[in-house]
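Visitor: Okay, sequence plus prediction incoming.
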Amino acid sequence: MPELTRESKPLLLTGGRILDPSQNLDESGDLLVQNGKVEAVSGRVGHADDVEVIDCSGCIVSPGFIDVHCHLREPGREDVETIATGARAAAAGGFTAVCAMPNTDPVTDNQAAVGFVIRQANRAAAARVYAIGAISVGQRGETLAEFGEMVGAGAVAVSDDGRPMVSAQLMRTALEYARTFGIPVIDHCEEPTLAHGGAMNEGIVSARLGLKGIPAEAEEIMVIRDILLARRTGGHVHLAHMSTRGSVELIRWGKERGINVTAEVCPHHISLTEERVGAYDTNAKMNPPLRTTSDVEALREAVRDGTIDLIATDHAPHHYDEKEREFADAPNGIIGLETALGVVVTHLVDSGTLDFAMLVERMSCSPARVFNLEGGTLRRGAEADITVFDPAMKWTVDPSEMLSKGRNTPYAGMTLSGRAVCTIVGGRIVYQMESPAAARLQPARS
Amino acid sequence: MTSALGKDLLGLEPLSSEQILLILDTAEPFKEISERAIKKVPALRGQTIVNLFFESSTRTRISFEFAEKRLSADTVNVAASGSSVLKGETLVDTARNLEAMRIDMVVMRHGASGAAQFLAERIESNVINAGDGTHEHPTQGLLDLLTLRDHFGDLKGRRVCICGDVLHSRVARSNIWGLQKLGVEVAVCGPRSLLPNAIEEFGVRVIPRIEEAIEWADALNVLRLQLERMTAGYIPSSREYNRVFGVTRERLERAPRDILIMHPGPMNRGVEIDSDVADGPHSVILNQVTNGIAVRMAVLYLLSGGRPELAEAAKGGTGRRGGAEMTEAA
Ligand SMILES: [Zn+2]
Ligand SMILES: [Zn+2]
């Protein structure tokens, strides 16, 4: 972040429910930010006169959310998203940090490309943006990219996301080599010959619509391969966007045996099913595809019990006319940074699967821990990356109001509860809802 | 314009059994027009129809064209592959252009499932799906129903088995929905690699062997085997397909009852069906072709706002274009 962070005025967040699972903290009180750091937490905090006071009554004050999986499209498709617009969208969604996937054009597969991402992020001065480097040069799945140099330039993980790591041998080598740098290797699990040509989940809906399906096994075969390779190598495999009940069972199997596997789930896979494709709605087309009710139930339970470590968005903006075409030919993916919190509150907290402490754990503490990032805590002296959100605020998703350049969301027109009202990065406010009090139509939960 | 069928005909899945019967009943009087010396009535005079074929299908296009001409519509045929206008154009652009040309109806064949739905959502004109990807081919389903009804009368409780590549067949889907809505028991028979995994969830019986299918069914609808399914690895060879799943005379001779043989065409003789079956006494394949025109006339007539009870009168040539003016004339 730019140095001006350090010079900003002290902030006093008053009257909020301070919720920090990293130190088992859940109490009403104040939080003081000074010199970009958390200075004091809870109770009545003494402070100097020259502070900016933010009234957080009715809101939850938590360590900032971290999204370990998003696509910011820069370089190459700046018409669709840039690091700056993506970072602002992240801040508006309550994310203080995001990790940008390397499947840009050109691919982020060397130290100069990683440096570019970080420079653009600093210029944007919104949420922190970390770079994920490619596993293989050009994401071609042939030779390893220079992990050491990329990590030196600031990369926090490696992935060929956007495409699966087809070669088991290269995956094995990547897991072994990544141990040197202590970074996770992220895989997009999809057996390509099974998934070939598929446009949605294989099942009764695909059979009815006459669309080629992607069977659950396309994901699960790669999940178990990666887990076995992690066992063989001792490397850390992180499994992106899990979507099936079978994957959950396999990850549970791996974790029970102490294998170094972590996994993420996206808000859409725990809130929507294949039925959402309806009459060929391309805003319900993503990879992996939306699955069945049984899969959704298993994924929710896995987030609750920790089999799935964290929630990530897989934010994937596309230009509207790229989505406006025949279903089988439309690109995969939806935007997610600005709807993630609302979707998780509406579908997981309000349904009783998670409480708010667990939500904060899965969206902030756990991502920081798994990816070894700053943040994820409100301990005294920590970087002041903070999300203030109103857990009960009802709002209707209006794509035209999004800060992302993308408009491709299946949640358009839906009413969600839970929304970020203020996002603070390094002690500086990077997003503040214009009029949270006016927007807070519903009485806040006590 | 909202007709008894709604704005469009996209598939048989969204139709009620009443709507399906309405189309079949409306088709009955139109059958006779094809028997006349002058095969033309003015029911759709003044209406413009575009036959937009992104995929070549001579049979379906000619059948629609005959139906349109016999109803006196003005028609334009666009084969998208050969047209400079449509080259490189997206379906959205095509829709916008059609809308700007103020066309009354569009008959579209397209290689992508959902393409007809896509177009229908974007234009005011009536859209008739003439086959979209591996989704539906509703007028083929309707002509199959009409052919079955000609032979059996009431279809309730009858048994029809669809044989072959159900996975990639739009005809199969339209057949399944249409037959089930009219109370027919439906089965499928073919290599498991060419049946959708979830087919049982459609309420369809799966019969593994063609001999059993012949024993069970009142009618077989034999689907064309696309030869590229072999290179794609779904089945080993057309020779083996004929040996295991072919509808042959020897197999048919063991049928316990009179069995109808249908085929949407074009046939691979000697692969899914033998010539002596296709041309034999059980075959109603040519009746299907004749019925295709009547059913398509009925669909065009009903979608244009034509009143079902006046279909008989429309034959007489008193009407000018569709329902409202026909009422005046009647
Ligand atoms: Zn992916
Ligand atoms: Zn992704």
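Guide: Received the coordinates, thanks. Numbers count the residues shown, from 1 in each chain, chains lettered A, B, ... in the order given. Ligands and ions are numbered 1, 2, ... in the order given.

Visitor: If you check the stretch 201-350 of chain A against ligand 2, which residue is the closest one?
Guide: Of all residues in the stretch 201-350 of chain A, the one sitting closest to ligand 2 is A:D314 (4.4 Å; C-beta to the ion). Every C-beta, even on glycine, is put in place using the N, C-alpha and C of the backbone.

Visitor: how deep is that residue tucked in, by neighbour count?
Guide: 29 (other C-beta atoms under 10 Å in any protein chain shown).

Visitor: what about it, distance to A:D161?
Guide: From A:D314 across to A:D161, the span is 8 Å (C-beta to C-beta, to the nearest Å).

Visitor: Next: A:V360.
Guide: Taking C-beta to C-beta, one finds A:V360 at 25 Å from A:D161.

Visitor: Mind checking which of the two has more residues around it?
Guide: Shown here are A:V360 and A:D161; by other C-beta under 10 Å, A:V360 has more neighbours (27 against 23).

Visitor: Can you report phi and psi for that one?
Guide: phi -60, psi -40 (degrees, to the nearest 10).

Visitor: my read: it touches A:D20, true?
Guide: Yes - judged on C-beta atoms under 8 Å, A:V360 makes contact with A:D20 at a distance of 7.2 Å.

Visitor: intersection of neighbour lists for these two?
Guide: Common contact partners of A:V360 and A:D20 (C-beta atoms under 8 Å, 6 or more residues apart in numbering or on different chains): A:S62, A:P63.

Visitor: where does chain B dip in pLDDT?
Guide: B:1, B:81-88, B:316-330 (pLDDT under 70).

Visitor: about what we covered before: what residues are shared contacts of A:D314 and A:D161?
Guide: Contacts common to A:D314 and A:D161, judged by C-beta under 8 Å, 6+ apart, are A:H69, A:A240.

Visitor: Flag every residue of chain B that's near chain A.
Guide: Counting by C-beta under 8 Å from any C-beta of the partner chain, chain B comes close to chain A at B:13, B:90-92, B:110, B:112-115, B:117-118, B:121, B:132-136, B:170, B:173, B:196-199, B:201-202.

Visitor: Helices of the stretch 251-400 of chain A, start to end?
Guide: Along the stretch 251-400 of chain A, the stretches classed as helices by DSSP state H, counting those that start in this stretch are A:293-305, A:320-323, A:340-344, A:356-360, A:366-370.

Visitor: again, but for chain B
Guide: B:17-31, B:58-70, B:91-100, B:115-122, B:138-152, B:170-181, B:210-216, B:228-231, B:238-245, B:249-253, B:275-278, B:285-303, B:311-316, B:322-329 (DSSP state H).

Visitor: Any chance of the ones you listed in TSV with mean neighbour count as columns?
Guide: Putting those into TSV (neighbours: other C-beta atoms under 10 Å in any protein chain shown) gives the following:
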stretch	mean neighbour count
helix B:17-31	19
helix B:58-70	20
helix B:91-100	17
helix B:115-122	23
helix B:138-152	24
helix B:170-181	25
helix B:210-216	19
helix B:228-231	13
helix B:238-245	16
helix B:249-253	13
helix B:275-278	18
helix B:285-303	24
helix B:311-316	19
helix B:322-329	17
